[in-house]
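Participant: no sequence on this one, just coordinates:
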């Protein structure tokens, strides 16, 4: 396989690919064969630790990507940042008027704690199959070289799904077009992120600084799990995220609840009242203007209803009777900003409970943003609402003088990490990817208007004006961000097929 | 002094005390002299560790009390319980028709953690004086033998104030009456508790079991700090305490706030709404019936207003502008049951905050009870209120089936540790003690209708029908339950004077 790849690569580079492009479509066996041939390379890539807190590890990953993209006809360039570099790998179409597609790949991974993994080394790719009683049994790695690979088998290692799996699918799809003499009719700019799990702190500035080299007509993100049905999927946006931390104050120090219960103001009660004042029984935000600008038109509703969600299954899995009443369906609930109390702490509970009036209560809130929600506007709405409840709002702990002056004091701090983005289904990139996936799988993909979560993509969309669509490929139950991360073999093969079809789909 | 004590003791025992009872009143110098003579015995008592978690320590304390009460003409008897015994020390008046006063003393102490103490051994009595910059400077112990003891000096050790100090004051006051040939005109039954800091778990049953030997006409409790002005004080009741633990449920496990924010029910929001539904902006409980039966009559109001509280000082110390609006004054706020949220926990805050929808929210509530508040009634009111908010209330975690059946589930557990008691100011015991303290100090004592906190006295009051009054003697800033517990020398001397005057006041 390696030799074939190199020969075709030369042909491609010297412009001979056209002569081979009439080849018949690849069949499923071809994808399985390429997948099998790619497993050693996947194992090699996964074996390089990739926690972005350790720059030396990251450097090895950068070098690996430089080598592997260079071998496949890409020119690579490091875009330096104050942290890890971004790596740009470019390969041009022959047509000088071809459009340019930016392709986002993530190479770094979540930190690992080996003691929670069911294998010695979270970076050593380990093949497993599920037993009758639901456990995972390790198989010899060379079973991946056999002729009877079960698509339900999985490879366990950090970053298999999030997202080195996608990196290797992409390289393998490139091998296919190289071998088969196919060539995308668009320029490829692959941008590799080595700090995604740290929140890509240097990405927004880098996008501004390198705006010319990153210029493109559209952006594809190969990341994340498919729709829960595991059908081929496209996701046209992501919510952003802002975070607010609130602290309200009772007595200077925790006070004896006998001596001061009924006299010292109770911050847990006050924070409860504050939170309760923000949401109704359906958990809809009651702060006026919070949902401003969002209308779910009949057309949008139809798009949302086309997503084959099984809400009964979701609810059973969550262990709840039904979702909140923010919106009638799961998909529609993602079209609104959330106001989620992710943490609340005051005094002590359980074994540590003690008979005191607590001195403070802290609530951590995250607001998932949608395209219509300007984060500063939402944050200010929340701040103004707290002021309207009679609070003196400051961004630090109060002084004794402030304590003796203001009856209700709230410390309020906020940060916005990611902005939301959303691309129309009938945009050029949307139509093109829909066609590619339909051609690949013989069915129209599940199209989500937005994912609920947040990804560091908005700088490309908002700063560079590049519309973006996510092409998720991995299984949803992949233990992303957790121990025992894995990728299902069937999804890995389908991922290669997905990317190969995108590469050969005329744009 | 020892010899004098023994001689008078013999006189007392053989009925000669009457011949000496015309002695002139003790002057302040006498109290100082007896206090000075008692410091070695106080040091000896404090040196015996008294954490009730260690029965061997407690046994040494019991033996010490047996010896020291026996020496002073008391007969002692252990009232066995499943834990530490109670010790009863009796001494009868000569008049067979004399009334009987039960006297409650606490001998055990809070656990100690020496690393938080500013002395090597928390059980080694250490004399200190305050320096100009507010620190505490150790003085040689023998300075207590000099003629110029400063009443502001303090003795630091565990249980100095809570409550071995009072035990030694009592023994010293007995020495005085023995030496001076004075005799109470009432029978004394001193009941010593060696498990108070564990909540006296065996006391209620013991009171029922030993009801005949404990029978008395009234009960005095020598425990607790004086009013904050440090004036002579009497406290005519204590609030009881019930505890409720609530847990409400969101998703089975913490869920990604992107994927499920706006869909998965948020238990922190729901618990906030539940707490908010129980109290208004003034922190008055809004559950109908919670304050039922409590009327603050004009007469009661006058009693409360006679307490010389400095609310501005209290508020400044708490670091608040004003108290809650439960009642217009601090004293009046203690006449109502409280509903205090002593702890609230859901998800994570601060450095540990993570973008999740929490799976549970737990609130710990304590209800301080007053005499009018039947604890079961209040607990049921809270439970019924939660049910009225649409919750399915159970006393354990829900099953998956219950999760899929009931939209709102609340785990509800409760316990009542102490009941409230209250004695009328114009009861026989109230009038008598008021007279004794007025005679001792030349001013009427500060009389509190109830303390805010809870003490294990209600079984005597409610089971045996013995009206109880607390006679607090120690300084309020004694670091009770904390490291560096101490007693102010001036309070110790006043305490001997207080008890001596009670012993000689005709009943």
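Facilitator: That came through fine. Owing to the predicted nature of the structure, the values given are computational and were not obtained by experimental measurement.
Participant: what residues are up against the residue of the stretch 351-500 of chain A found nearest chain B?
Facilitator: In the stretch 351-500 of chain A, the residue that lies nearest chain B is residue A:453 (2.8 Å; C-beta to the nearest C-beta). Just so you know, the C-beta spots here come from the backbone N, C-alpha and C atoms, and that holds for glycine as well. Applying C-beta atoms under 8 Å, 6 or more residues apart in numbering or on different chains to residue A:453 gives the contacts A:238, A:239, A:368, B:256, B:258, B:259.
Participant: pLDDT score assigned to the closest residue to residue A:79 other than its chain neighbours?
Facilitator: Leaving aside its sequence neighbours, residue A:79 sits nearest to residue A:86 (C-beta to C-beta, 6 or more residues apart in numbering or on different chains; 4.2 Å). In this model, residue A:86 is scored at 98, pLDDT.
Participant: can you count the residues close to residue A:86?
Facilitator: Neighbour count for residue A:86, taken as other C-beta atoms under 10 Å in any protein chain shown: 24.
Participant: Quick one: distance of whichever helix in chain A runs longest to the chain centre.
Facilitator: Secondary structure of chain A per DSSP state H: the longest helix is helix A:28-46. Counting by C-alpha atoms, centre = their mean, to the nearest Å, helix A:28-46 is centred 24 Å from the centre of its parent chain.
Participant: tell me what that helix is packed against?
Facilitator: Helix A:28-46 sits against helix A:55-70, strand A:154-156, helix A:164-180, helix A:489-504, with contacts defined as 3 or more C-beta pairs under 8 Å, 6 or more residues apart in numbering or on different chains; DSSP states H and E.
Participant: gap between the closest residue to residue A:217 other than its chain neighbours and residue B:306?
Facilitator: Excluding its sequence neighbours, the residue lying closest to residue A:217 (C-beta to C-beta, 6+ apart) is residue A:99, at 4.4 Å. Going from residue A:99 to residue B:306 by C-beta to C-beta, to the nearest Å gives 89 Å.
Participant: now swap in residue A:416 and tell me
Facilitator: For residue A:416, the distance to residue B:306 equals 57 Å [C-beta to C-beta].
Participant: In terms of packing, which of these two has more residues around it?
Facilitator: The residue with more neighbours, out of residue A:416 and residue B:306, is residue A:416; 17 against 14, by other C-beta under 10 Å.
Participant: Name the SS class of the more buried one, please.
Facilitator: strand (DSSP: H, G, I helix; E, B strand; the rest coil).
Participant: That one reaches residue A:204, doesn't it?
Facilitator: No. Applying C-beta atoms under 8 Å as the test, residue A:416 and residue A:204 come out as separate, 10.9 Å apart.
Participant: which one of the contacts of residue A:453 sits closest to residue A:345?
Facilitator: Proximity to residue A:345 was ranked across those by C-beta to C-beta; first place goes to residue B:256, at 20.6 Å.
Participant: What ranges does the stretch 51-200 of chain A have for its strands?
Facilitator: For the stretch 51-200 of chain A, strands defined by DSSP state E, counting those that start in this stretch occupy the ranges A:75-79, A:86-91, A:100-106, A:126-130, A:136-139, A:154-156, A:187-193.
Participant: I'd assumed residue A:196 was in contact with the residue nearest to residue A:79.
Facilitator: No. Counting by C-beta under 8 Å, residue A:86 sits too far from residue A:196 to count as a contact (10.6 Å).
Participant: rewinding a little: I'd like the strands of the stretch 51-200 of chain A as JSON lines, with distance to residue B:406 appended.
Facilitator: Listed next are the strands of the stretch 51-200 of chain A as JSON lines, based on distance: least, C-beta to C-beta, whole Å:
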{"stretch": "strand A:75-79", "distance to residue B:406": "54"}
{"stretch": "strand A:86-91", "distance to residue B:406": "50"}
{"stretch": "strand A:100-106", "distance to residue B:406": "41"}
{"stretch": "strand A:126-130", "distance to residue B:406": "33"}
{"stretch": "strand A:136-139", "distance to residue B:406": "34"}
{"stretch": "strand A:154-156", "distance to residue B:406": "36"}
{"stretch": "strand A:187-193", "distance to residue B:406": "44"}
